[in-house]
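*Asks:* 3D, please:
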Amino acid sequence: MFLATVDEAFAVLSEGTAKVRSRSGQTSLRVSLLPSFAANWLVNRLGGFLKSHPAIELELDPTLRIVDVGRGEADIAIRFGDFGASKQSCVHLADEDLSPVLSPALYGDGSKFQSPLDILDHEILQAKSGLEWQLWSEAFGFPLEKAKQTRLTDYNIVLQAALDGQGVAMGRGLLVREHVRAGRLIRPLSATLSSQKAAYWAAFDPLSKKRSAIEAFVGWLKNEMTLSA
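*Replies:* Prediction:
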């Protein structure tokens with residue numbers, strides 16, 4: 001009984017909030033995205049978007065949970081992987097460049113790694129899906145099944161483990177670039193893979209009433225990621 005009352009109250013509050021934003025010209029977009037993408041690429045670039053689009057308010061929801069934009073769980077879902085055949089409306093943002101990265105504190109300048117096979121003697125750090133290592137291994141003939149592997153829930157944890165010298169991570173170019181530039185991580189091999197199977201996509205409901213705001217943000221994302229790549 002109480003739940004029904006609370007649901008009704010929140011519905012009224014939500015409707016009132018939408019009306020206020022509408023009258024003030026503000027459009028609020030809820031963006032679901034991976035914590036690693038939010039922390040290592042998006043956040044320090046958001047100021048540029050907000051400055052050029054003052055009428056759009058962003059609510060970032062960093063999560064590993066898959067959301068259904070068709071059911072209104074988010075206005076935009078930024079995903080990583082292979083979503084080209086998704087039934088939801090998806091816009092391809094950018095392919096990732098995949099290449100192993102490691103800490104110079106433990107591995108020096110990385111010169112002892114002459115081929116992918118040299119990685120076999122070291123711990124492999126993987127995100128839960130294991131997508132990056134799987135794709136890279138298939139492309140360069142690396143026997144991943146023979147390697148010592150540690151699986152971690154989120155790529156943020158993988159990245160921190162690599163920074164701490166706990167093993168070799170598969171670097172997502174856009175997310176590790178600043179660490180490489182600063183010398184906190186190095187790429188010991190020239191073997192780099194770029195694939196739409198390891199790409200960023202923006203999913204949204206094409207029938208959304210916020211379509212113009214969604215397209216503005218997605219267009220900005222695609223342009224920024226192209227420049228960054």
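
*Asks:* drop to CA atoms for contacts and neighbour counts, all remaining ones
*Replies:* Noted.

*Asks:* Tell me which helix or strand the spatially most central residue of the chain sits in.
*Replies:* Centroid-nearest residue in the chain, with CA atoms, centre = their mean: Phe37, separated by 3.5 Å. For Phe37, the host element (DSSP states H and E) is helix 35-37.

*Asks:* Can you name the next helix or strand after that helix?
*Replies:* By DSSP H and E, the next helix or strand past helix 35-37 is helix 46-52.

*Asks:* List the contacts of that next one.
*Replies:* For helix 46-52, contacts defined as CA atoms under 8 Å, 6 or more residues apart in numbering pick out 56-57, 217, 220.

*Asks:* for stretch 73-81, same thing?
*Replies:* 29-34, 67-69, 131, 196-205, 208, 214.

*Asks:* ok, now stretch 214-227?
*Replies:* So stretch 214-227 is contacted by 29, 49, 75-76, 91-94, 202, 204 (CA under 8 Å, 6+ apart).

*Asks:* again, only this time at 10 Å
*Replies:* Applying CA atoms under 10 Å, 6 or more residues apart in numbering, the contact partners of stretch 214-227 are 27-31, 41-42, 45-46, 48-50, 52-53, 56, 58, 75-76, 78, 91-95, 174, 200-206, 208, 211-213, 228-229.

*Asks:* quick one: average pLDDT of that stretch?
*Replies:* Averaging pLDDT along stretch 214-227 gives 95.
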